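Enquirer: the sequence and its predicted three-dimensional model are supplied below.
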Amino acid sequence: KPHPNFHLFATQNPSGVYGGRKPLSRAFRNRFVEIHMGDIPSDELVTILEKRSGCPPSHAKVLVKIMTSLRQRRSKSGVFLGKDGLITPRDLLRWAERRAGSKTELAEEGFMLLGERLRGVSERELVRTEIEKE
């Protein structure tokens, strides 16, 4: 018999948004209370980057602005899968943890992190363009 204070928390990426994800059966889903979470608001994401990564506020704001812009570009083109096709919150944290000293270093680190993993030249240029705007 489980301890009276036992709680199980489980997370899952939504099916259909991420490759290889299949919907869970209704019987399995009925064993849990489902809570759907939206995106982290931009101002909270800035605070997270500052506190977790020690990222300067000016850099944190630029990173979040680039992420927002890339997501908007993705949704307009419909080319990339999911809103996180080019950048995820995890990417943002990795980028902030690189501790760039200047905006030029910030741009270089961002492109190395995001652009170099993309196969398509057009996708890479899209990322480069959005980073260079800032």
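Expert: The structure has been received and is ready for your questions. Numbers count the residues shown, from 1 in each chain.

Enquirer: next, count neighbours for V46.
Expert: By other C-beta atoms under 10 Å, 20 other residues sit near V46. All C-beta spots, glycine's among them, are computed from the backbone N, C-alpha and C.

Enquirer: could you find the closest non-adjacent residue to it?
Expert: Nearest in space to V46, with sequence neighbours left out and distances taken as C-beta to C-beta, 6 or more residues apart in numbering, is A60 at 4.5 Å.

Enquirer: using the three-state scheme, assign that neighbour.
Expert: helix (DSSP: H, G, I helix; E, B strand; the rest coil).

Enquirer: shouldn't it be in contact with E97?
Expert: No - using C-beta atoms under 8 Å, A60 makes no contact with E97, being 11.7 Å away.

Enquirer: the more surrounded of the two?
Expert: A60 (21 against 13).

Enquirer: chain center to stretch 123-134, what's the gap?
Expert: 16 Å (C-alpha atoms, centre = their mean, to the nearest Å).

Enquirer: now it: mean pLDDT?
Expert: The pLDDT scores in stretch 123-134 average 86.

Enquirer: now swap in stretch 53-71 and tell me
Expert: 91.

Enquirer: hmm, who's touching that stretch?
Expert: 42, 45-47, 49-50, 83-84, 86-87, 89, 91-93, 95-97, 99-100, 103, 106, 110, 126-127, 130-131, 133-134 (C-beta atoms under 8 Å, 6 or more residues apart in numbering).
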